[in-house]
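**Q** Any chance you could fold what I've pasted below:
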Amino acid sequence: MRDARGYDHQTLEQMRIRAIESVQSGEHPVDVARILGVKRQVVYKWLAMYRAGGWDALKAKPITGRPQRVDARMMKWIYETIVSKNPLQLKFTFALWTREMIRILIKRKFKIELSLASVGRLLAQLGLSVQRPLRAAYEQNPELVNTWLARRYPQIKKRAIREGATIFFADEAGIRSDYHSGTTWGAIGETPIIRVTGQRVSCNMISAVSAKGEVCFMVRSGCVNAGVFIEFLKRLIAGKKRKVFLIVDGHPSHRAKKVHRFIETVQNKLELFFLPPYSPELNPDELVWTHVKHHNIGRMIIEGKDHLMDEVRSILRSLSKTPEKVRAFFQKPSLRYAA
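**A** Have a look, this model is predicted:
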């Protein structure tokens, strides 16, 4: 890796401009440094120069301007904190980064007072923009997720191919008759209020899906405990010629001793694997419940418990007859690993 001071003035100026443009287009400063063949601290230094004096400051002989308030070290820390940390980890009470929170963060860390407009310019100069976030549990362990994606699941997939097994993902969910989704008509300028009845009813569902588009499901009026889960497992493996590798979360009903004992009696037909904790975004079966609840039940008028359960069964039965729709679930970016 070459020292940037070894370049001639014109080349150095072009490199600085290219680095800033690359970062502002969304590239990570570390990647920009690697491509340009300089140390990453150099890129952060150039970012600080640009912030202090604009494009003129990137010239080999920069025009003298006001002293830098935010230097390269600060730029590096701010960037890495925002892209890799959750505000809750830094003792904020809100989980999304706002300009005000970043302003407070900079004041707390560096004793520098910036206006909201200045914070906005700083973020833009770092190539950061307002994003609609994907939800992930604060308790989730990124290392376990990375291990699952890089090693654990590929190992399961290789075994499935070698042993002729089919991989299914399973999950449970509850649904109530007063769940609503979509839009409603109302007077202009007045937000409609959905008034719900105290006579709501509910049921619980459990299903499993494969990347081939297969669906197995069960609808219950009561809770899904270890006994119900075993009943579902029996239904899942019934009539199947291939062994089933079933991937589930760590819910107590999945880890119960009686479930473990049952698995031992059918180990030639079924094997259980567990997702990393707090990682529903890795389970394709989560989209089954989105389909049932948000796209269907949430838009219906439910007239009682029997009606609710009948509708849920009908929706799941219809889904099981459209494998192409189930296969599409596995094309969501966070789920393509399982396709």
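**Q** so where's this protein uncertain?
**A** 1-9, 60-68, 93-95, 131-140, 178-199 (pLDDT under 70).
**Q** can you give me the strands for it?
**A** For the chain, the strands defined by DSSP state E cover 166-176, 202-210, 215-220, 244-248, 270-274.
**Q** The ones you listed: which one's closest to I112?
**A** The closest of the strands of the chain to I112 is strand 270-274. By Cβ to Cβ, the value is 46.0 Å. Just so you know, the C-beta spots here come from the backbone N, C-alpha and C atoms, and that holds for glycine as well.
**Q** partner strands of the closest one, parallel or antiparallel?
**A** strand 244-248 (parallel) (DSSP bridges).
**Q** returning to that earlier point: distance to A72 and mean neighbour count for the strands of the chain - can I get that in JSON lines?
**A** Formatted as JSON lines, those follow (distance: least, Cβ to Cβ, whole Å; neighbours: other Cβ atoms under 10 Å):
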{"stretch": "strand 166-176", "distance to A72": "46", "mean neighbour count": "21"}
{"stretch": "strand 202-210", "distance to A72": "49", "mean neighbour count": "22"}
{"stretch": "strand 215-220", "distance to A72": "54", "mean neighbour count": "20"}
{"stretch": "strand 244-248", "distance to A72": "45", "mean neighbour count": "22"}
{"stretch": "strand 270-274", "distance to A72": "44", "mean neighbour count": "17"}
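**Q** Specify the stretch among these that is closest to P333.
**A** Once these are compared by Cβ to Cβ, strand 166-176 is nearest, at 16.2 Å.
**Q** Do I have it right that K325 meets L319?
**A** Yes - K325 is within contact range of L319, at 6.4 Å (criterion: Cβ atoms under 8 Å).
**Q** These two: which is more packed in?
**A** Comparing K325 with L319 by other Cβ atoms under 10 Å, the one with more neighbours is L319, at 21 against 16.
**Q** Show me what the closest residue to the more buried one other than its chain neighbours bridges to in the sheet.
**A** Distances taken as Cβ to Cβ, 6 or more residues apart in numbering place V215 nearest to L319, at 5.8 Å, with adjacent residues excluded. Bridge pairing for V215 (DSSP bridges) gives the partners V209.
**Q** And for A173?
**A** Legend: beta-bridge partners of A173 under DSSP bridges are M205.
**Q** Overlap of the contact sets of K325 and L319?
**A** Listed contacts common to K325 and L319 are H291; contacts here mean Cβ atoms under 8 Å, 6 or more residues apart in numbering.
**Q** Which residues are in contact with the residue nearest to L319?
**A** Counted by Cβ under 8 Å, 6+ apart, V215 has contacts 207-209, 288, 316, 319-320, 323, 326.
**Q** Identify, from those, the entry nearest to M74.
**A** Looking across these and measuring by Cβ to Cβ, the closest to M74 is V288, at 46.6 Å.
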